[in-house]
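Colleague: How does the following fold in three dimensions:
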Amino acid sequence: MIHHSQIKSDVLAWIEGTLESGRRDAMAHHLAECPDCRRYIEMLSASLVPSVIPAEMKLVADPYLPTRVKALAAERRAHGGIREGAALRWTWTTAAFVLAMLLGIYIGESLSYRPGQITDRHIISEYSNVFWDSGIESRWQTISQVPGEEK
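Modeller: Numbering: from 1, shown residues only. All right, here's what the predicted structure looks like:
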């Protein structure tokens, strides 16, 4: 027994004739009994497999195409193929690009920040300079006094 959803999933194989024999027989039996599925298959068959192709849509091979291709190739060979100016332009463009990349790398390296070797002595020295420059020596007496003691 085939359900309507199975008909929809097997419709392309049915139209192309690639459906396996057991399913094909079950589908033929269902289509004989179900007018809705039969209309569905007929509608899709008509849209997917056109019975009459209009004359303007038919492809016709150009009999003179090989002759025209040979003539174009001969003309290109007579003119020297790729022009020397185009090859020279590509060479200069590539060389300018490589030069710009190398210059960018050189400038980037020179602008990069490379700090010297930082040691504990350097950190302590910097900290003490900032600490004493903030004026702490003038306030040292007030910080070191214990509250409640007065001189």
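Colleague: which intervals of this protein have sub-threshold pLDDT?
Modeller: Residues of the chain meeting the criterion pLDDT under 70: 1-2, 49-56, 80-84, 113-118, 131-132, 134-151.
Colleague: Break it down into its domains, please.
Modeller: With domains defined by automatic domain parsing, the chain comprises 4-50, 84-113.
Colleague: Run the chain-centre distance for the last one.
Modeller: What that stands for is domain 84-113. Relative to its parent chain, domain 84-113 has a centroid offset of 27 Å by Cα atoms, centre = their mean, to the nearest Å.
Colleague: Pipe the domains of the chain into JSON lines and attach distance to Lys70 and mean neighbour count per row.
Modeller: No exception for glycine: its C-beta is placed from N, CA and C like everyone else's. As requested, these are exported to JSON lines (distance: least, Cβ to Cβ, whole Å; neighbours: other Cβ atoms under 10 Å):
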{"stretch": "domain 4-50", "distance to Lys70": "37", "mean neighbour count": "13"}
{"stretch": "domain 84-113", "distance to Lys70": "24", "mean neighbour count": "9"}
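Colleague: got TSV for the ones you listed, with distance to Ala61 too?
Modeller: Formatted as TSV, these follow (distance: least, Cβ to Cβ, whole Å):
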stretch	distance to Ala61
domain 4-50	21
domain 84-113	34
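Colleague: Determine which of those approaches Val60 most closely.
Modeller: Val60 sits nearest to domain 4-50 of all these, at 17.9 Å, using Cβ to Cβ.
Colleague: which other helices and strands contact the helix or strand hosting His30?
Modeller: Using DSSP states H and E, His30 sits in helix 21-33. For helix 21-33, the elements it packs on are helix 4-16, helix 35-48, judged by 3 or more Cβ pairs under 8 Å, 6 or more residues apart in numbering; DSSP states H and E.
Colleague: residue boundaries of the helices in the protein?
Modeller: In the chain, the segments counted as helices under DSSP state H are 4-16, 21-33, 35-48, 65-78, 84-111, 120-133, 136-144.
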